[in-house]
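Engineer: what would the 3D arrangement of this be:
(2 chains)
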Amino acid sequence: MNSLSVVIELAVSGLVIGCVYALVAWGFTIVFNATGLVNFAAGELVMMGGVISATLHTRFALQPIVTVPLTVIVVAAVSAATDRYFLQKARRQVHMTLVMITIGLAIGLRGAMLFLTGKDFQFPPPFSEFEFPPILGINLSTQGVWVICAVAVMTGVLWWLFAKTWLGYSMRASGENPRAAQLMGVSPRWVSNLSFALAGAMGALAGTLIAPLASANYASGLYFGVKGFSAAVLGGLGSPVGAVVGGLLLGLIESFAAGYVSSGWKDAIALGLLILVLLLMPSGLFGRRATRV
Amino acid sequence: MSSLRRSYRQNLLGLGIAALLLVGVGLIVSNSFYLTTLIFALISAISAIGLTLVFGFAGLASLGQAAFFGIGAYTAACLTEFYHLPPLLSLMCAVASASLSAWAIGRPLLRLSGVYLTMASLAFGLIAYLTFSQMRRITGGLDPGFMLTHEFSIGPFRLGDTHSMYWVCSCFTIATLLVALNLIHSKFGRALRALKSSAPASEGVGISTASYKSTVFAIAAGMTGLSGGLYAFFMRSFNATAFNFNLSIELLVVVMIGSLRSVWGALFGAAFVTLLPTLLENLEDFKLFVYGAIIVAIMMFMPDGLFDGLLRLVIRSPRKADV
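Structural biologist: Next up, the predicted model:
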């Protein structure tokens, strides 16, 4: 196998996982823009996407065409519920307390998935059984193609939502200035709920997409969450474009690190990148907001 | 006498009572299982006192304390095992190495605000765990882990058995409490409370918030490193799994069940969390969920900690603002 095809294979797998990180990072960004909160439970939403769809397949023998939408709806509902029944009720607390609540919710969701579904690593089936023939000596995984296509479609849909629809305008307005938005007839509470639901849906979709490749397990949310946050910060927290670019970039960096350095250290390298970015370039590539005290 | 002076005396009195209690328990209890549970509670308490200073007094949510626990444990274990240093010296080196690494990582990171700092500490904790797992030649990684053949000893006294380790841990707990209380009732402690309440205002009166934050972070890491070293000497055989994210969460839960305003809460929290498995059967499956539920409930209803909230209910005083 020549080195060019190695590079291309690493790049492709990097893009695949990068798409997942991009979705998580975008979820972070949507919630951050609408509420100013960093939702520590974002990684768990991805985990739940994978675990719930895998469990639905194992217990009820449902096919991906059914499990995926069902999972997305369930997780979106759970995410909206965490906002409505926990975060909104605590709105008067200081910011750090709200962050701690999201941390507690993340742990609680992880724990709930643990006793609901157990500790096994589950592999739900890929979305289709079609096998690509090797192109230029590279084997493309079908699920990988699904991931990239799904994320591309999602990107288009969300761009249209935020740029062209009334709903998108309301969410952006509420994020920029809740009072003014309220005066214009937009309810910040509704927008907050909706943002959490949307982030939940995106995370769950990411989870269902990647689970056939990387397995679904109750503990995987931690790394998805931190890496998704890394991607968001790398791209600039608050910028949707940055979230996607950051996600893809992080995926590529991680993939090449796994290939050329060591697969055992790839997570440490990806996390080290977060610390590096926070130290050197806290507003990321496209970000506007300051992160310093 | 001012109320601050009076409460320092009260705290010292409390320290004396705590010391007497620990001595009493040590003389009465001889069952090895109970002593082991107490030792784990004391080790947990030492870390928790540090985290109370960082989280409760300075307002920095650190999700990576397990890193310093591990650094302390491996430093103490490696120095004793590979370089044959006397155990007490290794323990002191464990404290030093944990503090120094915290200072090194903290100085640049603590300029970040709230959430970014929390995420960075989480990332750091994970990186430390991954490093411990990967560097198998030094640490033994996840499997087979580290085997400490020397037991803890001070000079000619061999203190490796459970009862002796209880005395050792009790002494260090009292010492840690003393350090923490002295820190709180000093210019340092007042500066910490000021910067938690309002960083810009503190800067305005000349408190260098970055340097105070890194100092308290380093001190707390040193305490956590101490408990890590004690853990290594007590367990004698351990692997990297002990230092994963769950430990960081457990320490945070201990502080939340305790008090964000008083280091005494750390003792209560440590006792509660160590005893929790004995209260609930099959806890392992539910432990994570229970921890999450505890964090959410306490943060929503008693944000200064459970012990603090309960105490307030009993003595019927209103919750003070963040001062």
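
Engineer: what does the stretch 1-150 of chain B have sitting close to chain A?
Structural biologist: Residues of the stretch 1-150 of chain B lying close to chain A by C-beta under 8 Å from any C-beta of the partner chain are B:59, B:61, B:63, B:108-109, B:111-116, B:118-120, B:122-124, B:126-127, B:130-131, B:133-134. All C-beta atoms are positioned from the backbone trio N, CA, C, and that covers glycine.

Engineer: mind listing which of the residues you listed are in helices?
Structural biologist: Residues of those located in helices (DSSP state H): B:108-109, B:114-116, B:118-120, B:122-124, B:126-127, B:130-131, B:133-134.

Engineer: and those residues, which of them are buried?
Structural biologist: B:109, B:114-116, B:118-120, B:122-124, B:126-127, B:130-131, B:133-134 (16 or more other C-beta atoms under 10 Å in any protein chain shown).

Engineer: pick out the most distant pair among the residues you listed.
Structural biologist: Taking C-beta to C-beta, the two most distant members of these are B:G114 and B:Q134; they sit 30.7 Å apart.

Engineer: show me where pLDDT drops low in the stretch 51-200 of chain A?
Structural biologist: Counting by pLDDT under 70, the ranges of the stretch 51-200 of chain A that qualify are A:136-138.

Engineer: what about the helices in it?
Structural biologist: A:64-82, A:95-117, A:142-164, A:166-176, A:178-183, A:188-214 (DSSP state H, counting those that start in this stretch).

Engineer: so which of those comes closest to chain B?
Structural biologist: helix A:95-117 (2.7 Å; C-beta to the nearest C-beta).

Engineer: what is the distance between the closest one and the centre of its chain?
Structural biologist: Computed by C-alpha atoms, centre = their mean, to the nearest Å, the chain-centroid distance of helix A:95-117 equals 16 Å.

Engineer: just stretch B:86-102 next, same as before
Structural biologist: Centre-to-centre, stretch B:86-102 and its host chain are 15 Å apart (C-alpha atoms, centre = their mean).

Engineer: run through who's touching it.
Structural biologist: Stretch B:86-102 has contacts (C-beta atoms under 8 Å, 6 or more residues apart in numbering or on different chains) with B:67-68, B:71-73, B:75-77, B:79-80, B:85, B:150-155, B:214, B:217-226, B:228-230, B:232-233.

Engineer: in it, what counts as buried?
Structural biologist: Of the residues in stretch B:86-102, those buried (16+ other C-beta under 10 Å) are B:87-88, B:90-95, B:97-99, B:101-102.

Engineer: and if you look at stretch A:183-202?
Structural biologist: Across stretch A:183-202, burial judged by 16+ other C-beta under 10 Å covers A:186, A:188-189, A:191-202.

Engineer: go on, stretch A:81-94?
Structural biologist: Buried-residue list, stretch A:81-94, by 16+ other C-beta under 10 Å: A:T82, A:D83, A:F86, A:L87, A:A90, A:Q93.

Engineer: now do stretch B:12-20
Structural biologist: B:G14, B:L15, B:A18, B:A19.

Engineer: could those go into TSV alongside secondary structure?
Structural biologist: Below are the buried residues of stretch B:12-20 laid out as TSV (DSSP: H, G, I helix; E, B strand; the rest coil):
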residue	secondary structure
B:G14	helix
B:L15	helix
B:A18	helix
B:A19	helix
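
Engineer: mind putting the residues you listed into TSV with pLDDT?
Structural biologist: Listed next are these as TSV, based on pLDDT from 0 to 100:
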residue	pLDDT
B:G14	87
B:L15	89
B:A18	89
B:A19	89
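
Engineer: reformat those as a markdown table; add distance to B:L247.
Structural biologist: Output for the buried residues of stretch B:12-20, formatted as a markdown table (distance: C-beta to C-beta, whole Å):
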| residue | distance to B:L247 |
| --- | --- |
| B:G14 | 28 |
| B:L15 | 27 |
| B:A18 | 25 |
| B:A19 | 27 |
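
Engineer: now chain B, which segments are flagged as low pLDDT?
Structural biologist: Residue ranges of chain B with pLDDT under 70: B:1-6, B:281-283, B:317-323.

Engineer: and the helices in it, which stretches?
Structural biologist: With DSSP H, the ranges of helices along chain B come out as B:3-28, B:32-51, B:65-83, B:87-109, B:114-134, B:136-139, B:162-184, B:187-197, B:199-204, B:209-235, B:245-257, B:264-279, B:283-301, B:306-315.

Engineer: could you dump those helices to JSON lines with distance to A:E176?
Structural biologist: Formatted as JSON lines, the helices of chain B follow (distance: least, C-beta to C-beta, whole Å):
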{"stretch": "helix B:3-28", "distance to A:E176": "45"}
{"stretch": "helix B:32-51", "distance to A:E176": "37"}
{"stretch": "helix B:65-83", "distance to A:E176": "37"}
{"stretch": "helix B:87-109", "distance to A:E176": "29"}
{"stretch": "helix B:114-134", "distance to A:E176": "19"}
{"stretch": "helix B:136-139", "distance to A:E176": "49"}
{"stretch": "helix B:162-184", "distance to A:E176": "42"}
{"stretch": "helix B:187-197", "distance to A:E176": "29"}
{"stretch": "helix B:199-204", "distance to A:E176": "24"}
{"stretch": "helix B:209-235", "distance to A:E176": "29"}
{"stretch": "helix B:245-257", "distance to A:E176": "33"}
{"stretch": "helix B:264-279", "distance to A:E176": "40"}
{"stretch": "helix B:283-301", "distance to A:E176": "28"}
{"stretch": "helix B:306-315", "distance to A:E176": "37"}
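
Engineer: quick one: which of those helices is nearest A:L114?
Structural biologist: Closest to A:L114 of the helices of chain B is helix B:283-301 (C-beta to C-beta; 5.5 Å).

Engineer: out of the helices of chain B, the one nearest A:P282 is which?
Structural biologist: helix B:114-134 (7.0 Å).

Engineer: which elements pack onto the closest one?
Structural biologist: Helix B:114-134 sits against helix A:95-117, helix A:221-235, helix A:266-280, helix B:65-83, helix B:87-109, helix B:245-257, with contacts defined as 3 or more C-beta pairs under 8 Å, 6 or more residues apart in numbering or on different chains; DSSP states H and E.

Engineer: got the buried residues for the third one?
Structural biologist: What that stands for is helix A:266-280. Neighbour-count burial for helix A:266-280 flags A:K266, A:D267, A:A268, A:I269, A:A270, A:L271, A:G272, A:L273, A:L274, A:I275, A:V277, A:L278 (criterion: 16+ other C-beta under 10 Å).

Engineer: same list, those residues, but only the ones touching chain B.
Structural biologist: Restricting these to those near chain B by C-beta under 8 Å from any C-beta leaves A:D267, A:A268, A:L271, A:G272, A:L274, A:I275, A:L278.

Engineer: dump those to CSV, plus pLDDT.
Structural biologist: Rendered in CSV, the data for those read as follows (pLDDT from 0 to 100):
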residue, pLDDT
A:D267, 89
A:A268, 90
A:L271, 91
A:G272, 91
A:L274, 90
A:I275, 89
A:L278, 87
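
Engineer: specify which member of those is nearest to A:N139.
Structural biologist: Closest to A:N139 out of these is A:D267 (24.4 Å), distances taken as C-beta to C-beta.

Engineer: from A:V226, how far out is that closest one?
Structural biologist: Relative to A:V226, A:D267 is positioned 9 Å away (C-beta to C-beta, to the nearest Å).

Engineer: anything in contact with each of those two?
Structural biologist: Residues touching both A:D267 and A:V226 (C-beta under 8 Å, 6+ apart) are B:L126.
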